[in-house]
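Trainee: with the input below, show me the fold.
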Amino acid sequence: MAESWVNLAERLGSDLHLDLAGPGGRRAVLSNALREAVRDGRLAPGTRLPPYRSLAADLGLARNTVADAYAELAAEGWLIARQGSGTRVAPRTEPVRPPRVPKVAPARPAPPAHDLRQGRPDASAFPRSAWLAAARRALNAAPNEAFGPGDPQGRPELRRALTEYLARARGIRTAPDRIVVCSGFAHALRLLFGGRVLRGPLAVESYGLAFHRSLLAAASVRTVPLTLDAHGARTAELADLKGVRAALLTPAHQFPTGGPLHPERRVAALDWARTCGGVILEDDYDGEFRYDREPVGALQGLDPERVVYIGSVSKSLSPALRLGWMVLPEHHVPAVLTAKGEREAWAGVTDQLTLADLIESGHYDRHVRRMRQRYRARRDRLVAALAARAPHIAPTGIAAGLHAVLRLPPRTERSTVKAATWHSVALDGLADFRHPDATMPTEDGLVVGYATPPDHGYAQAIEALCRILPPDPAER
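Mentor: Numbers count the residues shown, from 1 in each chain. All right, here's what the predicted structure looks like:
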């Protein structure tokens, strides 16, 4: 029957779907379907219908059945049958019944006037020309098999490029066959824990993304917080955590509080992993963006068999690309590929090829250096504005990344976040990142992202931020 309606569509000159299901005889079903098509406007006034003999042959119906249906609709005024001009849809003064419109979801709130949320790079700085040129080169050079079913491990061109780049820029020790391309850090967590490559409980830092904790909880992984201070996570606490064989750390730049992991604590974390046969997950979310000196090398370089290194381009290029990677201990690679599966959960091949070319051509390095200068200048402007307008509030942590934490006077965080909402300033309170089981003292603060606003709006964003900051308690 479906094939018959394809023939009808060809005769009408456009696609037409008629529902021939329903109660009654064949003539009644056909009459109702045509009547509904006219009523809904799918058969417009003046449309010529196929001769009933042709339609009967297409549908496998008796000629009299189709002829009687046409006659019935003509008698009712739906169709006009004239000698020599065939059967057409009659003109109608009755308005066409509008199609049913699904209920509209509630309108989204208007975007904030000043977006100072963390983790968002400057979207206007995406290297469009360089990316387009790299895409052209990559597609011209790509072998035909690149556009076939593919490899869950990721394109070899990208894995080779990452091997060289990560060794040079982050001190990573690896080989292409130990890299698995993924869609980002969250995807990596889903593969490692949802795929049962690793099992909980998982030690995490007392401050981190609630989204990651929720993702782990959905995989039935319990997270145990490690205390933080100015030197990063107190990794000596790992030895006292029973049953814990994995730890998630942000060694280069603790998220969000901003301190690097002290060298002695790096060594302590690796010693723990070697002793208990455990593994450390290294989240290198913005390791390329250090402004006061050269970036600290990745923890993975000290022991590639005890560290799963996870990186992405979400901060350096754009989160919209959905491109990340895991550098794995050799014995974990097969299990990760099994968890990833043969299809679906892969990053797009064309984006992988383009990123590989961008890295190998040197354009990625140039882009990172340019963004490092831009974000450093923005952080410097933020620090200078605070020194002039709110000297009692200063950024903590190292000069790095795309955000800064501003420590606030005690018991002022909630009111400051509320004031920001009133003034259309989007930012996060430090409490939003605290692990619910953390035992370390609570501190009030704001997590301010300085990368998102466009250049022309950054001064206004800083001004708006300074207006909502609480006054110095000493001056009250």
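Trainee: secondary structure element for Leu386?
Mentor: Assigned by DSSP states H and E, Leu386 falls within helix 363-389.
Trainee: which SSE is immediately downstream of that helix?
Mentor: Assigned by DSSP H and E, the successor of helix 363-389 is strand 395-396.
Trainee: quick one: strands adjacent to the helix or strand following that following strand?
Mentor: Next helix or strand after strand 395-396 toward the C-terminus (DSSP H and E): strand 403-407. Paired strands of strand 403-407, with direction, are strand 395-396 (antiparallel), strand 445-449 (antiparallel) (DSSP bridges).
Trainee: wait, which of these is closest to Ala335?
Mentor: Of all the strands paired with strand 403-407, strand 445-449 sits nearest to Ala335, with 34.9 Å by CB to CB. For the C-beta atoms, the positions are set from N, CA and C on the backbone; glycine is no exception.
Trainee: and the contacts of whichever helix or strand comes after the closest one?
Mentor: Remark: after strand 445-449, the chain's next helix or strand is helix 455-468, criterion DSSP H and E. Contacts to helix 455-468, defined as CB atoms under 8 Å, 6 or more residues apart in numbering, come from residues 113-116, 122, 124, 378, 381-382, 385-386, 389-390, 416, 419-420, 423-425, 427, 448, 450, 453.
Trainee: can you do 7 Å?
Mentor: 114, 116, 378, 381-382, 385, 389-390, 416, 419-420, 423, 425, 448, 453 (CB atoms under 7 Å, 6 or more residues apart in numbering).
Trainee: what's the answer for stretch 21-37, then?
Mentor: Counting by CB under 7 Å, 6+ apart, 16, 18-20, 43, 61, 65-66, 68-69, 72-73, 78 sit against stretch 21-37.
Trainee: so which bits of that stretch are buried?
Mentor: The neighbour-count check on stretch 21-37 (16 or more other CB atoms under 10 Å) flags 26-27, 29-35, 37 as buried.
Trainee: quick one: the helices in the stretch 251-400 of the chain?
Mentor: Taking DSSP state H, counting those that start in this stretch, the helices of the stretch 251-400 of the chain run over residues 263-276, 333-340, 349-360, 363-389.
Trainee: now, the most widely separated pair of the contacts of helix 455-468?
Mentor: Among the contacts of helix 455-468, Arg378 and Ala419 lie farthest apart (CB to CB), at 22.5 Å.
Trainee: what about the two, which has more around it?
Mentor: Arg378 (22 against 15; other CB atoms under 10 Å).
Trainee: so what's the more buried one up against?
Mentor: 450-451, 458.
Trainee: how much space between it and Pro149?
Mentor: 44 Å (CB to CB, to the nearest Å).
Trainee: again, but for Asp283
Mentor: Counting by CB to CB, the gap from Asp283 to Pro149 is 31 Å.
Trainee: these two: which is more packed in?
Mentor: Counted by other CB under 10 Å, Asp283 and Pro149 do not tie: Asp283 has more neighbours, with 27 against 8.
Trainee: test my guess that that one contacts Leu248.
Mentor: Yes - using CB atoms under 7 Å, Asp283 makes contact with Leu248 at a distance of 6.5 Å.
Trainee: can you list contacts of stretch 314-332?
Mentor: 121, 123, 126, 162, 166, 172, 174, 178-185, 187-188, 197, 285-286, 288, 300, 304-306, 308-313, 336, 347, 351-352, 355, 368, 371, 402.
Trainee: give the PyMOL command for selecting the buried subset of the residues you listed.
Mentor: Buried residues among these (16+ other CB under 10 Å), as a PyMOL selection:
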select buried, resi 121+162+166+172+174+178+179+180+181+182+183+184+185+187+188+197+285+286+288+300+304+306+308+309+310+311+312+313+336+347+351+352+355+368+371+402
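Trainee: which ones among the contacts of stretch 314-332 map onto strands?
Mentor: If you go by DSSP state E, the contacts of stretch 314-332 have 179-182, 308-312 in strands.
Trainee: still on that earlier bit, give me the subset of the buried residues of stretch 21-37 lying in helices.
Mentor: 26-27, 29-35, 37 (DSSP state H).
Trainee: would you turn those residues into a markdown table with pLDDT and distance to Ala218?
Mentor: Shown next, in a markdown table, are those (pLDDT from 0 to 100; distance: CB to CB, whole Å):
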| residue | pLDDT | distance to Ala218 |
| --- | --- | --- |
| Arg26 | 84 | 52 |
| Arg27 | 87 | 55 |
| Val29 | 86 | 48 |
| Leu30 | 87 | 51 |
| Ser31 | 87 | 53 |
| Asn32 | 87 | 48 |
| Ala33 | 85 | 46 |
| Leu34 | 87 | 51 |
| Arg35 | 87 | 50 |
| Ala37 | 84 | 46 |
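Trainee: can you list the domain ranges for this protein.
Mentor: Split into domains by the TED database, the chain comes to 5-89, 128-365, 366-468.
Trainee: now the end-to-end length of the longest one.
Mentor: End-to-end span of domain 128-365 (CA to CA, to the nearest Å): 15 Å.
Trainee: same question for it, mean pLDDT?
Mentor: In this model, domain 128-365 carries a mean pLDDT of 95.
Trainee: now it: how far from the chain's centre is it?
Mentor: Its chain's C-alpha centre and that of domain 128-365 lie 15 Å apart, by CA atoms, centre = their mean, to the nearest Å.
Trainee: farthest pair in the contacts of stretch 21-37?
Mentor: Going by CB to CB, the pair spanning these furthest: Leu16 and Asp68, at 20.7 Å.
Trainee: before we move on, the earlier item: can you tell me which of the strands paired with strand 403-407 is most buried?
Mentor: strand 445-449 (a mean of 24; mean count of other CB atoms under 10 Å).
Trainee: just the angle between that strand and helix 363-389, please?
Mentor: 140 degrees (axes from the mean of the first three to the mean of the last three CA atoms, to 10 degrees).
Trainee: send me strand 445-449 as CSV with only the CA atoms.
Mentor: These are the backbone C-alpha positions of strand 445-449, laid out as CSV (Å, rounded to 0.1, in the frame of the first residue of the first chain):
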residue,chain,number,x,y,z
GLY,A,445,33.4,33.1,47.7
LEU,A,446,32.5,33.7,44.1
VAL,A,447,33.7,31.7,41.1
VAL,A,448,34.1,34.4,38.4
GLY,A,449,34.8,33.4,34.8
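Trainee: got the angle between that strand and helix 455-468?
Mentor: Going by the same axes, to 10 degrees, strand 445-449 makes 170 degrees with helix 455-468.
Trainee: tell me the mean pLDDT over strand 445-449?
Mentor: Rounded mean pLDDT across strand 445-449 is 97.
Trainee: per-residue pLDDT, the residue of the chain positioned farthest from its centre?
Mentor: Going by CA atoms, centre = their mean, the residue of the chain most distant from its centre is Gln83, 62.7 Å out. The score at Gln83 is 76. That number is its pLDDT.
Trainee: ok, Leu79 next?
Mentor: We have a pLDDT of 88 for Leu79.
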